[in-house]
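**Q** Next input, structure requested:
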Amino acid sequence: MIISCDLVDESDTDCFGTNFGSAYIDDCGYCIGGLTGLEENFKM
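**A** Residues are numbered from 1 along each chain as shown. Okay, the predicted model is just below:
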């Protein structure tokens with residue numbers, strides 16, 4: 001996820017802060033997957 005065009009290094013970081021990770025924002029707006037230990041839409 002690219003947060004800023006000014007910070008090139010951030011483009012390799014997922015929402016959990018893991019370099020080249022696989023975490024992403026779910027339908028509820030939570031960072032899940034990857035190393036978070038959370039499942040998609042766990043708050044539903």
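
**Q** Spell out for me which residue occupies the centre of this structure.
**A** Central residue of the chain (C-alpha atoms, centre = their mean): residue 15, 2.4 Å from the mean position.

**Q** Can you name the residues that contact it?
**A** 1, 23, 24, 25, 31 (C-beta atoms under 8 Å, 6 or more residues apart in numbering). For the C-beta atoms, the positions are set from N, CA and C on the backbone; glycine is no exception.

**Q** Ignoring the adjacent residues along the chain, who's closest to it?
**A** Leaving aside its chain neighbours, residue 15 sits nearest to residue 31 (3.8 Å; criterion: C-beta to C-beta, 6 or more residues apart in numbering).

**Q** So that neighbour sits against residue 21, correct?
**A** No: counting by C-beta atoms under 8 Å, residue 21 is not a contact partner of residue 31; they are 10.0 Å apart.

**Q** Name the residues contacting each of these two.
**A** With C-beta under 8 Å, 6+ apart, residue 31 and residue 21 have common neighbours residue 14.

**Q** Residue 19 contacts residue 12, correct?
**A** Yes: between residue 19 and residue 12 there is a contact under C-beta under 8 Å: 5.4 Å.

**Q** higher neighbour count, those two?
**A** residue 12 (12 against 8; other C-beta atoms under 10 Å).

**Q** ok, so what distance separates that one from residue 37?
**A** Here the criterion is C-beta to C-beta, to the nearest Å. By it, residue 12 lies 21 Å from residue 37.

**Q** for residue 43, same thing?
**A** 14 Å.

**Q** Buried ones in stretch 34-44, by neighbour count?
**A** For stretch 34-44, burial by neighbour count (16 or more other C-beta atoms under 10 Å) applies to 34, 36, 38.

**Q** In terms of pLDDT, where does the closest residue to residue 24 other than its chain neighbours sit?
**A** Sequence neighbours aside, residue 33 is the residue nearest to residue 24 in space, at 5.6 Å (criterion: C-beta to C-beta, 6+ apart). pLDDT, residue 33: 96.
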